[in-house]
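> sharing a model prediction with you, sequence too.
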Amino acid sequence: MLYAYLGTEFQETLRARTIHGSTVDRIPLIDMPDFPIRVPSMDVQVAIANILGALDDKIELNRRMSETLESMARALFKSWFMDFDPVHAKVDRRDTGLPKRIADLFPAAFEDSEMGKVPKGWRIHTVGDICSRIAMGPFGSNIKTDNFVPEGVPVVRGVNLTEGFVDDDFVYLSEAKADELKNANAFPGDIVITHRGTLGQVGLIPRRPRFSRYVVSQSQMVLTVDPARTPPEFAFRFLCSQKGQHQLLANTSQTGVPAIARPTSSVKAIPIVLPPVELLQYFDGVVGHLSERRYLAWKESRTLISLRDQLLPKLISGELRLPAADRIAGRRV
């Protein structure tokens, strides 16, 4: 019955029977038992549930796999570059647990720095040092709802930074308007930070995203990391870490809407410890692969959700026969 309730026909019934109040809309629950709903035979119900359930199972599997991949990437960054676990192990003459060629990339000593003890040979830089560009989103007067079009160049807003980077649920600008706002354009590998509103949001645009370019909104800023200095994935992980978040939010103003005071200069001044390039490259290869697999799982789930939502009303109404739906779903799952 769940799929029948989610079907277009019953959802239209709910919308038609909704009572619109001055503050909130509501459904008259006392009348709900009398709402009409199309119920096919039990055999058909079971078959529909099996087809759509297989899609839901795959979507859920992708979600859990994505969570695992993200946890692995986050744990590896913290262990190597925040807690310095391999360095501590070598100082204590313990096994690092890493293959020798990887363990050899870590020093066996610490040295003092303005940020406390850091692995010997690692250098203190700032976010400004490792970026070729740090740019603000457009002024509010330069991007208004009147500028939005049905399709075009997507605008990155806070809703797109809730899970690192959500490559969906956009509003769009025309190509001409995006060209006009070229300083606020963002490209694959760029980092987007919320500087006003829901602070602490950081997103990394994937290497092979849905769109060739984006425009950040007036509440966001964009960082283009110089890959010759450090991989974007490393900088992104640092800004998402506990230490990076602390530095990012150190200059927060709470007057009115929460905001980072002097966001460009504040972000540029954030200190960051950089390991040797060989270790950065290895980390980028490992974690970049995890991030790409996670993004591909998200893309697949997005396709499966769309397929499920298309099949649902057609199956409930009988427009699409079960054998045909089974073949379509079977090719996707």
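Now that the structure is in, tell me what you want to look at.

> quick one: the closest residue to residue 211 other than its chain neighbours from residue 184, how far?
Distance criterion Cβ to Cβ, 6 or more residues apart in numbering; nearest residue to residue 211, sequence neighbours excluded, is residue 154 at 5.5 Å. C-beta coordinates here come from the backbone N, C-alpha and C atoms, glycine included. From residue 154 across to residue 184, the span is 12 Å (Cβ to Cβ, to the nearest Å).

> overlap in contacts of those two?
Counting by Cβ atoms under 8 Å, 6 or more residues apart in numbering, the shared contacts of residue 154 and residue 184 are residue 215.

> what are the buried residues along stretch 276-294?
279-280, 283-284, 287-288, 290-291, 294 (16 or more other Cβ atoms under 10 Å).

> centre of the chain to it, how far?
Offset of stretch 276-294 from its chain centre (Cα atoms, centre = their mean, to the nearest Å): 17 Å.

> kindly report the same for stretch 152-168.
Worked out by Cα atoms, centre = their mean, stretch 152-168 lies 7 Å from the chain centre.

> got the contact list for it?
With Cβ under 8 Å, 6+ apart, stretch 152-168 has contacts from 70, 143, 148, 169-175, 177-178, 186, 192, 194, 197-198, 201-206, 209-211, 213-217, 219-220, 236, 240, 295, 298-299, 302.

> tell me which residue lies nearest the centroid of this protein.
residue 165 (2.3 Å; Cα atoms, centre = their mean).

> which strands and helices sit next to the lengthiest helix in the chain?
When the chain is parsed with DSSP state H, its longest helix is helix 277-317. Taking 3 or more Cβ pairs under 8 Å, 6 or more residues apart in numbering; DSSP states H and E as contact, the helices and strands that helix 277-317 lies on are helix 2-6, helix 8-17, helix 42-77, helix 232-240, helix 322-332.

> which SSE is residue 86 in?
Per DSSP states H and E: residue 86 is located in helix 85-91.

> average pLDDT for that helix?
Per-residue pLDDT over helix 85-91 has a mean of 97.

> quick one: mean pLDDT for stretch 175-193?
So the average pLDDT for stretch 175-193 ends up being 97.

> I'd like the distance between the nearest residue to residue 305 once chain neighbours are set aside and residue 314.
Computed as Cβ to Cβ, 6+ apart, the closest residue to residue 305 that is not its neighbour in sequence is residue 59, at 6.3 Å. Distance, residue 59 to residue 314, using Cβ to Cβ: 19 Å.
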